[in-house]
Every structure is written in C-alpha cells, then in structure tokens.
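Asker: When you get a sec, could you give me coordinates for this:
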Amino acid sequence: ATTSLVSPALGAGHNVRARRLTTNSHLWSFAVSSFLALVVWLLTPQLLGLLGAKGRTLELAVSYLTIAVPALPALALGITSSAILRSVGDARRAMNVTLFGAIANIILDPILIFGFDLGIIGAAWASVLARVTTMAVGLYGVIVVHKMMSRPKFQTFLTDGSPLAAIALPAVSTNLATPVANAYITAVMSGHGDDAVAAWTIIGRIMPVAFGVIFALSGVVGPIIGQNYGARDKARMHETLRLAVWVNGGFTMGAWLLLAISAPFIVSQFQATGETADLIYMFCYWLAPLFFFLGALFVSNAAFNTLGRAHISTALNWARATLGTVPFVLIGSHYAGAAGVLAGQMLGAVFFGTVAVILGH
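Answerer: Numbering: from 1, shown residues only. A predicted model of the protein is given here:
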C-alpha cells in the first residue's frame, strides 16, 4: 500500500504529499503492528496450542515468542522504510534494509546461542536485535538520505488511513492464505510427533533459499506487464507471462538438481536424524520439482494484481489454501503419515497453479 501511494505522488511531482504519505504510512505500520504484537504476545500459549504445540515444543516456542514478538513493530517500520526507498528508486538501500538485518542475525545467532550458551533465548534476542537493525537502516535511508519524512499531523494521519487501508486490506487477505494453510499443515504435522514438525520447519527454511529467484520473479513480472498494459500491447503482455512461466520452470529444475545433490549436506548441517532426515530427503529428491506450480501461481497473481484484478489473486490463493490443501493433506496424513502430509500440500498446488496460468493467458 505504501509503494502504491508514494510512488505515484513522486512521479507526479507532488513531493509534499509524498513526504506526508511516508510519515503516515510509518505511523500506521507502527500502530497496527504494535496492536497485533500485543494480541499475539498476550495469547502466545493459546495460539501455539491451536497449532498443536505441547510439552517441550510448547515450552520452547513460548520462550522464543515472548521475547521476539514485541520487536514486531521495529520490523514493520523497517519494511515500510524499504517500500519508501523502492518508491524513490533507491533499490540498493531498500535491499540493505533486509540484508543488514540478516547479517546481524547471522553474526549474533552463534554468539548468543553458543558463545553465551543461551540456546533458544539467545536466538530470540538475536532476532530482536536484527529487527532493530532493519528498522535503523531503513529509517536512516528515509529520513537522513532522502529526507522523506515530514512533521506528523493527527488530521492527515486519519485521512491517509483510508487510502492505505483500501489497498492494504485486499493484499492482506491474499497474503493471509499461505500462512493459514501453513498453520493448518503444522497442526496436522504435530499429530505425527516432534520429528515431523522439525522436518516441516527445516523444509520451510529451505524453500525461500532454494526458490528465492522464483519469489523475486513474481516481483519483476508486475512492472513489465504494467508498462505494456499502459501501451495497450497485449502481445507483449502475453509474451511476458509466457516467458516468466518458462523461467520459473528453468529455475525450478535447477533448484531441484541442487537440492538433490546437497540433500545429505542439508541433513547433516541441521543434524537431522530418523524421520526428520527421511522427510527432508523426500522433499529434496521427489517433491521439489512441484514448486513449479507454486511459482506459476505467484507469477500469475502478480499479473492479475497489475491488471486491477486482485480479486482473482485472492480467490486463487484462498482456493489453494483450502480446497488445494485440506483434503490433500488429510488424505495423505491418513494413508502415509507425515510423508503424506508433505506430498499432499505440494500436490494441491498442481491444480491451482495450472488454473492460474490458464486464466492469465
């Protein structure tokens, strides 16, 4: 929502309006994230219980989130600043916002977890400090480098809330589908023991790294299709989507090859044993290529959003999160245990990824 409002204002030369929107988008991000962080912090044990956490798993998760959740507003401010930096064309600093936070986490994790022997408490404090770093880098770029902040005013704060919400709420609805589906899968996985949950967690860490290019691809497609849409060049729009799907396929195959080769290394680095190791091998050897259909869904959704048809993206994402997840996961869990859950959640994406590409064309 921030990018959608600030970048057109800058493009139109309305710099005062752009600075006002920058200020108020930060204030709204802080207000909303603070409220959500408070709710989650107060209800952490109950929410984890809904996900099926119990025993030692519940104890560790509560100890981590009790420390990490209050730092959510800092992360929200950093992400908002990153959106502003992209709007002004400073892609390098926008990248640095998350990059510096990741570097801080990489450095602090081993120091606090092993050096000070704090275990999961150390991991939580590393996350807090990384989020503060993200916020500091972002605000420095927005306030000091680009001078995009203005003095806040309560009346404009209320006024700008409406256009921000008009864009943000549909986007929230679309983006909620995936975590809702993941929460359901986690709850089902928890019924198969801690080893299954550990494998699901590790796979969740592997996917953004292995398929990072595909996530980035969906962000590239929108502007290209948008420019050709403005030029009324439908042939180029179709060509862009077609090439994006092919690129998605090429990178998926490359990532699958790397995962298959490095599977033993991944298992050893995570010190996975027993069923946890078996499930990781299963994903790397057999399920990874099915990410192609998720990538196709991401790319098509980006096209729908650019063309002003966000309702299609919302419908597809929620259909995959429900119809494409629940029955497949339940059947897989019943007949093949944790392995069936993994296979079910990937197979469910095949149908909706295919539908998305057909609708996009």
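Asker: Need the residue in this protein that's farthest from the chain's center.
Answerer: For the chain, the largest distance from the centre (C-alpha atoms, centre = their mean) belongs to Gln155, which lies 32.6 Å off.
Asker: Which other helices and strands does the helix or strand where it lies contact?
Answerer: Gln155 is part of helix 154-190 when elements are defined by DSSP states H and E. If you count contacts as 3 or more C-beta pairs under 8 Å, 6 or more residues apart in numbering; DSSP states H and E, helix 154-190 packs onto helix 2-11, helix 15-42, helix 194-210, helix 310-322, helix 326-360. In this view, the C-beta of every residue, glycine as well, is placed from N, C-alpha and C.
Asker: Against Asn24, how distant is the residue farthest from the centre of the chain?
Answerer: Distance, Gln155 to Asn24, by C-beta to C-beta, to the nearest Å: 10 Å.
Asker: Now do the residue farthest from the centre of the chain against Ala76, distance only.
Answerer: Separation of Gln155 from Ala76 (C-beta to C-beta): 23 Å.
Asker: ok, then the element right after the lowest-mean-pLDDT helix or strand in the chain?
Answerer: Across the helices and strands of the chain, mean confidence by mean pLDDT, DSSP states H and E is lowest for helix 212-230: a mean of 71. Sequence-wise, the next helix or strand downstream of helix 212-230 (DSSP H and E) is helix 234-269.
Asker: Mind listing what's buried along that following helix?
Answerer: Going by neighbour count (16 or more other C-beta atoms under 10 Å), the buried part of helix 234-269 is 237, 240-241, 244-245, 247-248, 251-252, 255-256, 259, 263, 266-267.
Asker: Tell me, how many residues neighbour the closest residue to Gly52 other than its chain neighbours?
Answerer: Sequence neighbours aside, Ser190 is the residue nearest to Gly52 in space, at 2.9 Å (criterion: C-beta to C-beta, 6 or more residues apart in numbering). Look at Ser190: counted by other C-beta atoms under 10 Å, it has 19 neighbours.
Asker: So for the helix holding Gln155, mean pLDDT?
Answerer: Averaging pLDDT along helix 154-190 gives 89.
Asker: That helix vs helix 310-322, what angle?
Answerer: 30 degrees (axes from the mean of the first three to the mean of the last three C-alpha atoms, to 10 degrees).
Asker: just to revisit the earlier point, measure the residue nearest to Gly52 to Val197 for me?
Answerer: The gap separating Ser190 from Val197 is 6 Å, by C-beta to C-beta.
Asker: Need the residues touching each of those two.
Answerer: Thr57 (C-beta atoms under 8 Å, 6 or more residues apart in numbering).
Asker: most centrally placed residue in this structure?
Answerer: By C-alpha atoms, centre = their mean, the chain has its centre lying nearest to Asn175, at 8.1 Å.
Asker: thinking again about what came up before, and the helices and strands packed on helix 154-190 as CSV, adding mean neighbour count, distance to Tyr281 and mean pLDDT?
Answerer: Formatted as CSV, these follow (neighbours: other C-beta atoms under 10 Å; distance: least, C-beta to C-beta, whole Å; pLDDT from 0 to 100):
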stretch, mean neighbour count, distance to Tyr281, mean pLDDT
helix 2-11, 18, 40, 77
helix 15-42, 18, 34, 96
helix 194-210, 18, 10, 93
helix 310-322, 19, 26, 87
helix 326-360, 20, 10, 93
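Asker: Distance to Ala166 added to those, as CSV?
Answerer: Output for the helices and strands packed on helix 154-190, formatted as CSV (distance: least, C-beta to C-beta, whole Å):
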stretch, distance to Ala166
helix 2-11, 10
helix 15-42, 12
helix 194-210, 29
helix 310-322, 11
helix 326-360, 24
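Asker: closest one to Gly101 among those?
Answerer: helix 194-210 (14.5 Å; C-beta to C-beta).
Asker: for that closest one, packing partners?
Answerer: helix 55-68, helix 154-190, helix 234-269, helix 274-282, helix 326-360.
Asker: Make JSON lines out of those and add distance to Leu129.
Answerer: Formatted as JSON lines, the helices and strands packed on helix 194-210 follow (distance: least, C-beta to C-beta, whole Å):
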{"stretch": "helix 55-68", "distance to Leu129": "11"}
{"stretch": "helix 154-190", "distance to Leu129": "24"}
{"stretch": "helix 234-269", "distance to Leu129": "24"}
{"stretch": "helix 274-282", "distance to Leu129": "29"}
{"stretch": "helix 326-360", "distance to Leu129": "33"}
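Asker: Cool, thanks, signing off.
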